[in-house]
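In: Turn this into a model:
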Amino acid sequence: MPKLSTDRGAVITTAALILLFDQILKFLFYNKALIKENIALIKGVLYIVPASQNPGIAFGLLQGYGRFFAIPVFIIISLIVFLYLKPNCKKPILQWGLLLILAGALSNLIDRIIHGWVIDYLLLNKFPYSFNIADTSILTGVGLIIIDIVKCKKQILK
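Out: Below you'll find the predicted structure:
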């Protein structure tokens with residue numbers, strides 16, 4: 001497995017680009033309504049779909065509480081920034097995980113503040129809920145943090 005960069009500038013730049021790219025796609029797909037029908041990115045697997053409004057949280061849960069989630073998301077974002085800025089946050093997997101979560105959370109928070117819901121535009125075949133790049137960034141970040149925790153536990157148990 002290739003090593004992740006420990007250069008904080010590269011990590012921060014990547015997170016900023018994810019946030020920017022997601023917001024641009026949301027603007028184009030929702031405000032400009034560029035997508036009128038499903039477009040296969042990977043035929044039979046992944047599609048760009050007409051933008052939809054997700055007034056809940058991940059996978060359409062807790063519908064109708066969109067703006068309410070801005071408060072806990074803001075708290076989570078603050079915690080992530082605090083953890084990232086701590087001097088002992090030098091492990092690349094942890095750095096990348098935190099900033100991927102941050103990028104996705106900020107992008108979806110922007111939607112919640114502006115619209116009261118999150119804009120989704122991607123769909124996996126046979127999966128009932130659409131999602132966006134921010135959601136993918138959050139899930140990838142959580143996965144990296146889980147990997148980091150498992151690696152730490154293995155090292156402690158040795």
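In: Which residue ranges of this protein form strands?
Out: In the chain, the segments counted as strands under DSSP state E are 39-42, 46-54, 118-124.
In: what sits up against the second one?
Out: Spelled out, it's strand 46-54. The list of residues contacting strand 46-54 from outside it, by CB atoms under 8 Å, 6 or more residues apart in numbering, reads 26, 29-30, 33, 35-41, 60, 66, 115, 117-125, 129-130. Quick note: C-beta positions are derived from backbone N, CA and C, even for glycine.
In: From residue 78, how far off is the nearest residue in space to residue 21 that is not next to it in sequence?
Out: Ranked by CB to CB, 6 or more residues apart in numbering and with sequence neighbours excluded, the top spatial neighbour of residue 21 is residue 133, at 6.3 Å. Counting by CB to CB, to the nearest Å, the gap from residue 133 to residue 78 is 23 Å.
In: Compare the two (neighbour count), which wins?
Out: Neighbour comparison, residue 133 and residue 78: the larger count goes to residue 133, with 20 against 10 (by other CB atoms under 10 Å).
In: how near is that one to residue 48?
Out: Residue 133 sits at a distance of 11 Å from residue 48 (criterion: CB to CB).
In: overlap in contacts of these two?
Out: residue 122.
In: Residue 119 and residue 111 touch, don't they?
Out: Yes - Residue 119 lies in contact with residue 111 (CB atoms under 8 Å); the separation is 5.5 Å.
In: Between these two, which contacts overlap?
Out: Taking CB under 8 Å, 6+ apart as the contact criterion, the residues that touch both residue 119 and residue 111 are residue 26.
In: What is the helix or strand bottoming out on mean pLDDT in the chain packed up against?
Out: Scoring the helices and strands of the chain by mean pLDDT, DSSP states H and E places helix 70-85 at the bottom, with a mean of 81. Here helix 70-85 is seen to pack against helix 92-114 when contacts are counted using 3 or more CB pairs under 8 Å, 6 or more residues apart in numbering; DSSP states H and E.
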